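Student: Here is my input, please return the structure:
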Amino acid sequence: MVSFKEYLTETKKSGCTCWSKYKRVPGTKPCSPGSCVKESTVDAKGHKSSTGGLTQKGVDAYNRENPGHNLQTAVTTPPSELKAGSKAANRRKSFCARMSGVDGPMKKPNGEPSRKALALRKWNC
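Tutor: Below you'll find the predicted structure:
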């Protein structure tokens with residue numbers, strides 16, 4: 001086992017590596033906040049967001065595969081900043097009403113939030 005001092009000297013030499021199962025974000029400074037992200041945060045195609053829902057790339061892919069559909073990304077604006085009765089406020093309210101009633105756990109067996117919980121959090125439900 002490596003001592004803490006040895007670990008620090010190795011880290012300084014190597015330029016601050018990310019933890020296992022994390023990868024470096026291109027274009028960020030080593031050891032800066034947000035420079036390492038979990039490898040599984042976005043699926044292989046880049047369609048699922050780690051914070052819940054689909055990325056813009058995922059929405060575009062869905063709309064391309066399903067002509068006539070008009071899927072949109074989440075309304076992430078806080079409810080206090082939305083004008084009451086606006087199109088975005090109504091979309092958010094409708095999504096929250098539908099998704100909150102869906103059966104299913106809010107946490108996975110390992111304690112991480114489920115996709116349902118992530119989506120509800122992203123939409124500020």
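Student: correct me, but S49 touches Q56?
Tutor: No. S49 lies out of contact with Q56 (Cβ atoms under 8 Å); the separation is 9.3 Å. For every residue, glycine as well, the C-beta is placed using N, CA and C.
Student: The two: which has the busier surroundings?
Tutor: Between S49 and Q56, counting by other Cβ atoms under 10 Å, S49 is the more crowded of the two (21 against 12).
Student: Let's see the pLDDT reported for the more buried one.
Tutor: Looking at S49, its pLDDT stands at 79.
Student: neighbours around D103, how many?
Tutor: 5.
Student: rewinding a little: quickly list what's touching both of S49 and Q56.
Tutor: Common contact partners of S49 and Q56 (Cβ atoms under 8 Å, 6 or more residues apart in numbering): none.
Student: Show me what stretch 95-110 is in contact with.
Tutor: With Cβ under 8 Å, 6+ apart as the test, stretch 95-110 has contacts from 74-75, 113-114, 116-117, 119-120, 123-125.
Student: Can you verify A117 is assigned to a helix?
Tutor: Yes. Looking at A117 with DSSP: H, G, I helix; E, B strand; the rest coil, it is inside a helix.
Student: Now for the contacts of stretch 95-110: which two are most distant?
Tutor: V75 and S114 (20.4 Å; Cβ to Cβ).
Student: Looking at those two, which is more packed in?
Tutor: V75 (22 against 15).
Student: how about the helices in this structure?
Tutor: Assigned by DSSP state H, the chain shows helices spanning 4-14, 56-65, 87-100, 115-122.
Student: any chance of those helices in a markdown table, with mean pLDDT too?
Tutor: Output for the helices of the chain, formatted as a markdown table (pLDDT from 0 to 100):
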| stretch | mean pLDDT |
| --- | --- |
| helix 4-14 | 67 |
| helix 56-65 | 91 |
| helix 87-100 | 94 |
| helix 115-122 | 91 |
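Student: Nearest to C36 among those helices would be which one?
Tutor: Of all those, helix 4-14 comes closest under Cβ to Cβ, at 12.6 Å.
Student: Name the surrounding residues that touch stretch 51-71.
Tutor: Residues contacting stretch 51-71 (Cβ under 8 Å, 6+ apart): 42, 45-49, 72-74, 115, 117-123.
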